[in-house]
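Q: Pasting the sequence and the predicted model now:
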Amino acid sequence: MNIPASNLGADRMTAQMLLDRLHRRIGAAGLAAAAAIPSLSAQVDQHAAEVRDLLGVCGRRPTLAALASYADGLQDGATDRGWQAPQHDLAGWVDADGVTVRLMAVCGLAGSVIA
């Protein structure tokens with residue numbers, strides 16, 4: 001199936017918008033905390049490797065669209081189970097839950113993808 005070029009641009013913009021919002025909600029503060037907390041950094045790295053393996057095609061990095069879709073679905077499912085985006089100070093990030101760490105990893109991966 002061929003997707004018209006005009007739709008590809010819209011899809012990239014939508015993916016970027018979703019990932020930017022995620023970065024503002026979780027990524028910026030979470031990744032800054034991970035830089036200061038080695039154990040959290042290790043968790044983020046592990047989750048990033050799992051997401052790369054899950055979404056990457058033929059050993060390539062996941063696309064922005066794949067990352068955005070994955071993060072959106074993960075957040076929807078977690079929200080349905082009562083999860084809320086964290087409002088932590090630096091110390092609170094030490095005990096970040098698995099969904100939050102996974103979303104932090106998605107933010108880190110999105111930052112390394114060229115659209």
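A: Right, received. Where do you want to start?
Q: Return the residues in contact with the nearest residue to Ala48 once chain neighbours are set aside.
A: Counting by C-beta to C-beta, 6 or more residues apart in numbering, Ala48 lies nearest to Ala105, which is 4.0 Å off, once chain neighbours are set aside. To be clear about C-beta, it is placed using only N, CA and C from the backbone, and glycine gets the same treatment. When contacts are counted by C-beta atoms under 8 Å, 6 or more residues apart in numbering, Ala105 is found next to Val44, Asp45, His47, Ala48, Glu50, Val51.
Q: State the pLDDT value of Ala5.
A: Per-residue pLDDT puts Ala5 at 41.
Q: Would you mind listing the buried residues in stretch 106-115?
A: Residues Val106, Cys107, Gly108, Leu109, Ala110 are the ones in stretch 106-115 that count as buried (16 or more other C-beta atoms under 10 Å).
Q: how much space is there between the residue nearest to Ala48 and Leu31?
A: For Ala105, the distance to Leu31 (C-beta to C-beta, to the nearest Å) stands at 9 Å.
Q: Can you check which residues contact both of these two?
A: With C-beta under 8 Å, 6+ apart, Ala105 and Leu31 have common neighbours Val44.
Q: So for stretch 107-115, mean pLDDT?
A: Mean predicted lDDT for stretch 107-115 stands at 80.
Q: Now it - C-alpha only, PDB.
A: Backbone C-alpha positions of stretch 107-115 (Å, rounded to 0.1, in the frame of the first residue of the first chain) are rendered in PDB as follows:
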ATOM      1  CA  CYS A 107      11.500  10.100  25.000                       C
ATOM      2  CA  GLY A 108      15.200   9.300  24.900                       C
ATOM      3  CA  LEU A 109      14.900   7.200  21.800                       C
ATOM      4  CA  ALA A 110      12.800   9.900  20.100                       C
ATOM      5  CA  GLY A 111      15.500  12.400  20.800                       C
ATOM      6  CA  SER A 112      18.000  10.200  18.800                       C
ATOM      7  CA  VAL A 113      15.800   9.700  15.800                       C
ATOM      8  CA  ILE A 114      16.000  11.900  12.800                       C
ATOM      9  CA  ALA A 115      12.500  12.400  11.300                       C
END
